[in-house]
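Visitor: give the three-dimensional model of this entry:
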Amino acid sequence: MKSMTARLFGLLMLATGIVWLCGMAWIYSGNRKELERVLDVRLEEATRMVSSLMDDAGVHVVGAVSGVRVANQTVPIPTVDTNFRLACQIWSIDGRLVGKSSEAPTTQLTNVSSGYSNQDINGTRWRVFASEDRGRGFRVLVGDSIAHRERLVRELMWGLAIPGLIVLGVLAGLIWLALRQGLEPLRRLTAALAERSPDALGPLAIARTPSEIQPVVDELNELFEKVMAAREHERSVTAFAAHELRTPLAGLRTQVQIALAAADPAIRHHALQNALTAADRTNRMATQLLAMASVDADQPHAIQEWIVVGPKLKAICDSLHAGERDAPPIIDDALFRCRIRVNPDAFHMAVRNLTENALQHTPGSGIVRWSLLPTPKGTLLKLQDSGPGIPEDELLAVTRRFYRGRNKRPIGSGLGLAIAQTALDKDGLGLHLENKPQGSGLCVQILIPPDRMSIDPSDERPLRVEDVADAM
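Guide: Alright, predicted model coming up:
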């Protein structure tokens with residue numbers, strides 16, 4: 001059922017109908033018992049009345065018992081016009097029918113000497129009360145047709161059901177109107193959203209918003225704020241990218257024009273070298289923009305896998321041609337026996353950008369080293385270089401997108417550390433930057449929680465200090 005109003009109306013009517021049926025069943029059961037009790041009392045009172053009229057001379061007849069014959073004589077009594085006459089029989093103790101009413105059969109109503117009983121006589125069911133007077137030598141039997149009793153109950157229930165059905169119909173109409181009125185704020189919210197243009201990201205303002213709808217409005221407003229922030233971020237990224245790409249492309253075009261126009265081989269070579277640098281910078285920026293878009297598109301807490309750290313770092317260094325340096329990067333032996341549980345794509349993207357950043361800012365003979373350091377909170381995956389480091393006032397700013405500090409490189413774009421920070425954050429890992437306490441260089445730390453690291457690739461035992469002591 002697609003309509004919320006129809007669904008709620010159906011549920012409420014179903015619940016109301018169940019309660020109504022239960023109430024009718026309860027009333028039926030209670031009234032039936034009460035009616036049977038009243039009719040039984042009526043039988044008993046009629047029996048006592050007939051017994052009190054009996055004497056040695058004959059029978060007086062009153063009430064609902066009419067036409068009683070005693071000693072072969074009939075006392076005519078005017079018949080009461082009712083569909084529920086009682087049947088009365090007077091029997092002697094020795095089993096002779098002394099007298100009976102016109103409604104009573106000739107067969108004895110019951111064989112019970114006294115008290116209530118149910119009897120089936122000639123296909124008719126009777127409820128009978130018997131009273132025996134041995135001192136005066138007779139038994140009085142007064143019976144009532146059970147079919148008449150059941151008809152009384154049915155008429156009583158129909159008398160209750162018909163007004164009840166009318167009330168139920170009125171109640172259904174009131175429930176429908178109440179639901180329509182109660183769901184009116186949702187319709188106002190729907191109308192307000194339908195009237196908004198795609199560019200309208202301001203907060204919703206709906207008058208008389210109920211407390212149950214207000215959280216929805218608040219969440220929508222918060223979503224609009226996030227969409228607005230994302231759109232502004234996208235615009236700023238696009239603007240930065242356009243500006244940063246325009247500069248190397250313009251320089252590339254200029255250097256190619258110089259190379260084409262220059263007659264001097266030295267000038268031509270220098271121009272081509274500058275063009276190659278501009279092309280490298282453009283290629284790096286395009287690659288990093290694609291990487292940043294990929295990181296932004298990834299969902300947090302993506303699928304994680306166990307990977308061995310050492311081979312992954314070596315493959316990244318090889319892809320960056322780090323082995324061609326005078327001092328190739330150092331990967332401690334402990335990293336080849338260590339594995340961590342991470343998102344492979346996010347970890348690769350973060351480590352590749354961190355390694356590339358370290359290689360660019362470190363001279364060819366400088367040291368770039370990956371190592372492990374156990375701490376009480378987990379294990380630090382450390383990258384240290386011997387470059388110029390980062391000024392202390394820029395440490396918190398260098399992970400912002402397109403931020404290039406004072407120690408920027410010609411082919412840098414200000415995205416490498418931002419990509420690493422975003423990728424590690426989405427994978428639940430922390431990134432910390434600090435300058436080396438002694439000498440120049442930067443120390444990059446990635447905190448790996450204990451439950452996401454093991455030192456032996458063949459099992460998942462947690463890393464211990466003694467396992468990496470020789471690597472430090």
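
Visitor: for the closest residue to I27 other than its chain neighbours, the count of nearby residues, please.
Guide: Spatial nearest neighbour of I27, excluding adjacent residues (C-beta to C-beta, 6 or more residues apart in numbering): L160 at 6.3 Å. Every residue, glycine included, has its C-beta placed from N, CA and C. Residues lying near L160 (other C-beta atoms under 10 Å) number 15.

Visitor: where does L160 land in three-state SS?
Guide: helix (DSSP: H, G, I helix; E, B strand; the rest coil).

Visitor: before we move on, which element is W126 in?
Guide: Here W126 sits within strand 124-133, counting by DSSP states H and E.

Visitor: list the buried residues for stretch 89-97?
Guide: Buried residues in stretch 89-97, counted by 16 or more other C-beta atoms under 10 Å: Q89, I90, W91.

Visitor: dump these to JSON lines, plus distance to E324, pLDDT and secondary structure.
Guide: Output for those, formatted as JSON lines (distance: C-beta to C-beta, whole Å; pLDDT from 0 to 100; DSSP: H, G, I helix; E, B strand; the rest coil):
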{"residue": "Q89", "distance to E324": "127", "pLDDT": "85", "secondary structure": "strand"}
{"residue": "I90", "distance to E324": "132", "pLDDT": "86", "secondary structure": "strand"}
{"residue": "W91", "distance to E324": "130", "pLDDT": "86", "secondary structure": "strand"}
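
Visitor: what does stretch 351-371 contact?
Guide: 288, 291, 312-313, 316-317, 319-320, 322, 325-327, 329-332, 334-335, 381-388, 407, 409, 411-412, 415-417, 419-420, 441-442, 444, 471-472 (C-beta atoms under 8 Å, 6 or more residues apart in numbering).

Visitor: so which of those residues are in strands?
Guide: Per DSSP state E, strands hold the following members of the contacts of stretch 351-371: I330, I331, L381, K382, L383, Q384, D385, L442, V444.

Visitor: in the sheet, who's paired with the residue lying closest to the fifth one once chain neighbours are set aside?
Guide: Nearest in space to L383, with sequence neighbours left out and distances taken as C-beta to C-beta, 6+ apart, is V444 at 4.2 Å. Bridge pairing for V444 (DSSP bridges) gives the partners L383, L433.

Visitor: does V444 touch G389 like I think?
Guide: No: assessed by C-beta atoms under 8 Å, V444 is found out of contact with G389, at 11.2 Å.

Visitor: between those two, which has more neighbouring residues?
Guide: The neighbour comparison of V444 against G389 (other C-beta under 10 Å) goes to V444, with 23 against 20.

Visitor: tell me the contacts of that one?
Guide: Counting by C-beta under 8 Å, 6+ apart, V444 has contacts L354, A358, K382, L383, Q384, L431, H432, L433.

Visitor: can you pull the pLDDT of the second one?
Guide: Model confidence at A358, expressed as pLDDT, equals 85.

Visitor: would it count as being in a helix?
Guide: Yes: under three-state DSSP, A358 falls within a helix.

Visitor: that one and A286: what is the separation?
Guide: In this view, A358 and A286 are 22 Å apart by C-beta to C-beta, to the nearest Å.

Visitor: these two: who's more crowded?
Guide: Between A358 and A286, counted using other C-beta under 10 Å, the more crowded position is A358 (25 against 13).

Visitor: and the closest residue to that one other than its chain neighbours, how far is that from L160?
Guide: Excluding the flanking residues, the one nearest A358 by C-beta to C-beta, 6+ apart is D385, at 4.1 Å. Distance from D385 to L160, counting by C-beta to C-beta: 92 Å.

Visitor: with G416 instead?
Guide: In terms of C-beta to C-beta, G416 sits 83 Å off from L160.

Visitor: repeat that for T282.
Guide: T282 is 89 Å from L160, by C-beta to C-beta.

Visitor: got it, and G251?
Guide: On the measure of C-beta to C-beta, G251 and L160 end up 96 Å apart.

Visitor: over to A87?
Guide: Counting by C-beta to C-beta, the gap from A87 to L160 is 29 Å.

Visitor: where does the stretch 151-300 of the chain have low pLDDT?
Guide: Across the stretch 151-300 of the chain, the ranges flagged by pLDDT under 70 are 233, 236-248, 281, 284-285, 288-300.

Visitor: tell me the phi and psi of V342?
Guide: With angles defined as degrees, to the nearest 10, V342 sits at phi -140, psi 170.

Visitor: look at V170 and say how many residues are nearby.
Guide: V170: 10 neighbours (other C-beta under 10 Å).

Visitor: repeat that for D218.
Guide: When neighbours are counted by other C-beta under 10 Å, D218 comes out with 13.

Visitor: re the thing from before, dump the contacts of V444 to CSV, plus distance to T124.
Guide: Shown next, in CSV, are these (distance: C-beta to C-beta, whole Å):
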residue, distance to T124
L354, 102
A358, 109
K382, 104
L383, 105
Q384, 110
L431, 97
H432, 100
L433, 104
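
Visitor: and which of those residues is nearest to Q214?
Guide: L431 (38.6 Å; C-beta to C-beta).

Visitor: show me what counts as buried in the strand or helix carrying that closest one.
Guide: Following DSSP H and E, one finds L431 within strand 430-435. Residues of strand 430-435 classed as buried under the neighbour-count rule (16+ other C-beta under 10 Å) are L431, L433, N435.

Visitor: so how far is T362 from the closest residue to the last one other than its chain neighbours?
Guide: Read it as N435. Leaving aside its sequence neighbours, N435 sits nearest to G389 (C-beta to C-beta, 6+ apart; 4.4 Å). Look at G389 and T362: by C-beta to C-beta, they are 10 Å apart.

Visitor: which residues are common contacts for these two?
Guide: G441.

Visitor: three-state assignment of the nearest residue to R452 once chain neighbours are set aside?
Guide: Nearest non-adjacent residue to R452, counting by C-beta to C-beta, 6+ apart: R341, 4.3 Å away. With three-state DSSP as the basis, the three-state label of R341 is strand.

Visitor: burial of R341, as a residue count?
Guide: For R341, the count of nearby residues is 17 (other C-beta under 10 Å).
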